[in-house]
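J.: Next come a sequence and a model predicted from it.
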Amino acid sequence: MGYEAQRLLLDHEYDCSDAEIVVEGNTVGVNRCILASRSQFFQDLFRKGSDDAKKEGKPRYLMSELVPNGRVGYEAFKVFLNYLYTGKLNPSPVEVSTCVDDRCPHDACGPAISYAVELMYASSTFQMKELVQLVQHHLSNFVEKALVEDVIPILVAAFHCQLDQLLSHCIQMVARSDLDNVAIEKELPHKVSNDIKLIRPKPQEMEPVEDERIRSIHKALDSDDVELVGLLLKESGITLDEAYALHYAVAYCDPKVVKEVLGLGKANPNLCNSRGHTALHVAARRKLPAVLVPLLKWGASASETTSNGQTPVAICRRLTRPKDFWENTQQGQESNNDRLCIDLLEREMQRNSISGNMSIISKEIADDLHVRLDYLENRVAFARLLFPAEAKLAMEMADAHSTSAYTGLTASRGSSGNLREVDLNETPSGRTKRLQAKMQALLNTVKMGRRFFPNCSEVLDKFLEDELDMPDFILEKGTPEEQRIKRMRSHILVSNMLARMNIFNRSMDNVNELSLSFSSSSYLSNGSSSNHVSASSSASSQPAPSIEHYLSLRKLSDNLERLLLDHEYDYSDAEIVVEGNTVGVNRCILASRSQFFQDLFRKGSDDAKKEGKPRYLMSELVPNGKVGYEAFKVFLNYLYTGKLNPSPVEVSTCVDGRCPHDACGPAISYAVELMYASSTFQMKELVQLVQHCLSNFVEKALVEDVIPILVAAFHCQLDQLLSHCIQMVASSDLDIMAIEKELPHKVSNDIKLIRPKPQEMEPVEDKRIRSIHKALDSDDVELVGLLLKESGITLDEAYALHYAVAYCDPKVVKEVLGLGKANPNLCNSRGHTALHVAARRKLPAVLVPLLKWGASASETTSNGQTPVAICRRLTRPKDFCENTQRGQESNKDRLCIDLLEREMQRNSISGNMSIISKEIADDLHMRLDYLEDRVAFARLLFPAEAKLAMEMADAHSTSVYTGLTASRGSSGNLREVDLNETPSGRTKRLQTKMQALLNTVKIGRHFFPNCSEVLDKFLEDELDMPDFILEKGTTEEQRIKRMRFLELKEDVQQAFYKDIAEQNRSALSFSSSYCESRQQSRKDQTNQWFILTVWQHEFLNM
């Protein structure tokens, strides 16, 4: 999982970032969902947004604003970000966590400490406690080994990050050191410096007056006022060396102040302070060429060593990262300060006195001032063009900027560059003086360049020595031939320059080799970086995962799981609709984990162009199969967390208390849905896991339940599982008609080829049976009757009822039964009656006609299963317990089980079966009033049961539903006369209507006795009222009706709980706690429904 999440950072194809963080000028795309789930800091940050968040595009954040008290570099942030995404801490990047000193073990050098401090600022600011502890342990190891100057950044980080233990350790280290108080006051927070002064040994006391004067000199240097420094020296009698003014200026002041202090001529550049450091040692820590060059010019020795034997160049190397040393080494761009400082110091140490003639200009041109100026200007111009940083330093030391010495190559852009042009307002002596001052500045610039940058000077000498016969070396000037020659010479210059760089790089081979041997595999948890391995080997061999690594992965998994479970962490940027439920997803995670989603999100969706989140339908994503809501949630959790949750009980078990749930219908259906998701969305490791589970199911399941596994194996191209299923089906007694109807054509042919040949049927007879089945497929029962007459085959011989029950519309089943020629209790070759087959379809509209026509609910199959057992083993708890509150349509799964169980348990009903009492038998209108109200109440309170009863009684065609709804548009008074209707016609119409209502009530009593009992009790006392509309009648009648309605509420509740008690005796497979919660939910829903019903009655009659 970590590797796949890492794609979001490393592979631009997986860039689904929705925010940006700018670090050291680099824009890093991030995914808010991941950062917010892992860090409370980012959760709060993204919740309130940023200033740019209101603008179009991604919100952008600056690292300098996110971490105001410290610095987090680009490489450190990338490692930290990788930890957030993957849960593993990558090795420290060699280019920023080591130095360029080949003798350094890199266990406490400047870059190693700086990198760890940056990682600490990131971990502390972004509230990753486990990473803070890891880095804190690493920094504590550094404190014991590092120079005291390098402990300072650790101490400052510990102070800002409130790491008390580490802070105390650093304070003790600094207090015991010889670091002077000035450095402590300048570089540490005021509170920390005071604490150090309190606990460190008292130094030899200095006269208060003298100390005050030295501090005054330092303050003057801080304000860049060297003139004031001179006055203070005269007044106080203190020398620059006694105040260590040069050391102070080099450490804390602007480079121009250093130059001015040296210009006073009173500072010894090689003076050592109390720690044995010269000003050049101090300057080496700042790594500013503009500070080093003045010191070297004024005679500072580059070979002096500190008390621990360090030269300035060694100090500079131990503070320089390979990244900085090798940055911008190509010519034509300004050299980086780090490399330039090392170059300056090394050349100064290696420089020999230059022998021979130091004349810069050859004798042939010594007499011509203008030619000399042409030469010098072009030389400096080329130097600035090719070696900008070196030329800039040389010109600063020679004060050449003030003389406008840079003409040369740029003259062609705006002027002729001809120095012989005369200014009529300038006197000859003034002109000569101006040109001589200019030439002197150029000569000094070239002299500085020869001293500090001899390689650059050598290249320029070789290039310019043959060009003196030209009036100017401007490429666009002169004849075409001269321009051609100058361009050719320019190309030669480039070649010489590259050759020079090759020589220099060969001289630095030791550094290059060093960069390949840097430690690249030390996790911060090791507390050491003593393991030195090559870069190539580190790429192929990773350290064995530690317990910390596993714990961090677990935390990553738990953090990402928040995105699915906690609405506070909803950063979804796309939606997938599954079974009517909208599931928010994070495209970055899905794309990094699945190539399917990567391709899907890259091309977008039809809704992606609209405003808001793009929306995808699961039915379109998985066209060959079904993926349910629960299965998709488990799959999604696996994508986010890398762990597979247990199968949800409510969809992976059945409601048969005797079932072990190791191969029942819901268990198989859930696994098949998970397989479709895993295969379609290309999660190979999950496919293998689910395939193994399905293979186990094949050995235990009924052959009918193997069919969906076989179909899934076919569509998901699981050859091994497909072969297993085919062998299972081929060796079973499943009839060939089911194989042809339910399996893909290719698979059914394969099964026919390998299964044993059945007893041959006459081709003519087989063809006639198939014709009957085709007629049933086309819903043409009339054609079935004709085919039966022509062929001489009976419905039972063709198993037409079994076929219709299995594959046809419920109305076809009803019509086939209506032919009166089918035995509803006939068993097919597998010992199944039509009711067993109907139990697998779980359609009440199929079950009720069979039961009405005498199908036995107690018949068993060859393996001892009753229809209700089959139905229970195919029903999930989720479906069984859904919509159990009254007033809403009952779900079909529960209704089927209820029908079959009642049919098995039903005893013959004794006593008077008359539907209407004797008191109202003589009044047709009153009978109709009663029946209509009864059916109306049944439809209102028990909609699914009433609908089935009315369908079986053909009551829909008689417009029987008047009752309670009559008040919406008519009086509901059946005695109103239609003047166009004859008395006999009216009587006939009402009798037909009453017969349909009678049949409806009769069927209701037969299949739903509890519902009928409640309606009987409610209606028996209301016959003296013309209608049971709550708002009709006198005030007393309305009061009585409302009271009776409340009694009805109590009666329905009791009947409802009676149903539940009967169902609970069937021992559902899920846990008792689950049942209790569902029952409490049903109770609450029932109460809510009754309140709604009362309001509905009152509203309808207002």
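T.: Now that the structure is in, tell me what you want to look at. Residues are numbered from 1 along each chain as shown.
J.: Could you chop the chain up by domain?
T.: For the chain, the structural domains run 2-197, 238-350, 372-412+427-506, 572-621, 634-757, 761-818, 824-904, 920-1100, going by automatic domain parsing.
J.: What about residue 900, how many residues nearby?
T.: Neighbours of residue 900 under the rule other Cβ atoms under 10 Å: 24. C-beta coordinates here come from the backbone N, C-alpha and C atoms, glycine included.
J.: what's the answer for residue 620, then?
T.: Per other Cβ under 10 Å, the neighbour tally for residue 620 reads 10.
J.: model confidence over the helix or strand where it lies, on average?
T.: Per DSSP states H and E, residue 620 falls inside helix 618-621. Helix 618-621 comes out with an average pLDDT of 94.
J.: List the buried residues for that helix?
T.: 618, 621 (16 or more other Cβ atoms under 10 Å).
J.: What is that helix packed up against?
T.: Identification of packing neighbours for helix 618-621 by 3 or more Cβ pairs under 8 Å, 6 or more residues apart in numbering; DSSP states H and E yields strand 574-578.
J.: contact partners of the helix or strand just after the strand it packs on?
T.: Toward the C-terminus, strand 574-578 is succeeded by strand 581-585 as the next helix or strand (DSSP H and E). The contact list for strand 581-585, computed with Cβ atoms under 8 Å, 6 or more residues apart in numbering, reads 570, 572-577, 613, 615, 629, 632-633, 636.
J.: Where do the strands of this structure begin and end?
T.: 19-23, 26-30, 60-62, 574-578, 581-585, 615-617 (DSSP state E).
J.: list the contacts for the residue lying closest to residue 621 once chain neighbours are set aside?
T.: The shortest distance from residue 621 to any non-neighbouring residue, by Cβ to Cβ, 6 or more residues apart in numbering, is to residue 680 (6.7 Å). Taking Cβ under 8 Å, 6+ apart as the contact definition, residue 680 lies against 596, 621, 622, 625, 627, 716.
J.: Quick one: the residues you listed as JSON lines, columns for distance to residue 688 too.
T.: Putting the contacts of residue 680 into JSON lines (distance: Cβ to Cβ, whole Å) gives the following:
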{"residue": "596", "distance to residue 688": "17"}
{"residue": "621", "distance to residue 688": "21"}
{"residue": "622", "distance to residue 688": "19"}
{"residue": "625", "distance to residue 688": "18"}
{"residue": "627", "distance to residue 688": "18"}
{"residue": "716", "distance to residue 688": "12"}
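J.: give me every residue that touches the spatially closest residue to residue 791 that is not a sequence neighbour.
T.: If the residues on either side of it in the chain are set aside, residue 791 comes closest to residue 768, at 4.1 Å by Cβ to Cβ, 6+ apart. Shown in contact with residue 768 (Cβ under 8 Å, 6+ apart): 787, 791, 793, 798.
J.: and the strands of the chain as CSV, adding mean neighbour count and distance to residue 183?
T.: Shown next, in CSV, are those (neighbours: other Cβ atoms under 10 Å; distance: least, Cβ to Cβ, whole Å):
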stretch, mean neighbour count, distance to residue 183
strand 19-23, 20, 30
strand 26-30, 16, 33
strand 60-62, 17, 31
strand 574-578, 20, 56
strand 581-585, 16, 55
strand 615-617, 17, 63
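J.: What residues of stretch 648-663 count as buried?
T.: Those would be 648, 649, 650, 651, 652, 653, 654, 655, 656, 659, 661, 663, for stretch 648-663 by 16+ other Cβ under 10 Å.
J.: tell me the average confidence for it?
T.: For stretch 648-663, the per-residue pLDDT averages 91.
J.: what's the first-to-last distance across it?
T.: When the termini of stretch 648-663 are compared using Cα to Cα, to the nearest Å, they are 15 Å apart.
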